[in-house]
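Visitor: show me how the following folds:
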Amino acid sequence: MSPPIRTYISQYKDKFNQIAFFCACESGENYNTFKDIESLCNKKSVATLEFKREGVLEGNYFPKVKRFINGMLS
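Guide: Model prediction:
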């Protein structure tokens with residue numbers, strides 16, 4: 001997690017009713033950023049979405065976007 005994101009979350013986490021995350025990345029690297037943010041906020045995310053370059057190029061991201069939106073609406 002980048003320092004600006006960590007600072008923002010630390011300053012405003014008490015104002016978050018719900019949290020949801022998305023990430024766009026080039027590689028297949030799997031980091032624990034979503035779990036780290038949940039831990040920092042002391043909240044479970046209602047939805048997460050991760051875009052990787054290869055998935056976008058193959059066009060297989062539509063079901064993931066739908067799940068993400070549905071998670072935020074529930």
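Visitor: centroid residue for this structure?
Guide: Nearest to the geometric centre of the chain sits residue 21, at 2.2 Å (C-alpha atoms, centre = their mean).
Visitor: looking at this, that one is in a strand?
Guide: Yes: counting by DSSP: H, G, I helix; E, B strand; the rest coil, residue 21 is part of a strand.
Visitor: specify the helix with the largest residue count in the protein.
Guide: Longest helix of the chain, by residue count under DSSP state H: helix 62-73.
Visitor: against residue 62, how distant is the residue nearest to the centre of the chain?
Guide: 19 Å (C-beta to C-beta, to the nearest Å). (C-beta placed from N, C-alpha, C; glycine too.)
Visitor: still on that earlier bit, what packs against the longest helix of the chain?
Guide: Contacting helix 62-73 under the criterion 3 or more C-beta pairs under 8 Å, 6 or more residues apart in numbering; DSSP states H and E are the following elements: strand 20-25, strand 47-52.
Visitor: what's around residue 74, how many residues?
Guide: 8 (other C-beta atoms under 10 Å).
Visitor: list the buried residues of the helix or strand of the chain with the lowest mean pLDDT.
Guide: Across the helices and strands of the chain, mean confidence by mean pLDDT, DSSP states H and E is lowest for helix 53-58: a mean of 73. Residues of helix 53-58 include none that count as buried (16 or more other C-beta atoms under 10 Å).
Visitor: how far off centre is it?
Guide: Relative to its chain's centre, helix 53-58 lies at 18 Å (C-alpha atoms, centre = their mean, to the nearest Å).
Visitor: over to stretch 21-40?
Guide: 6 Å.
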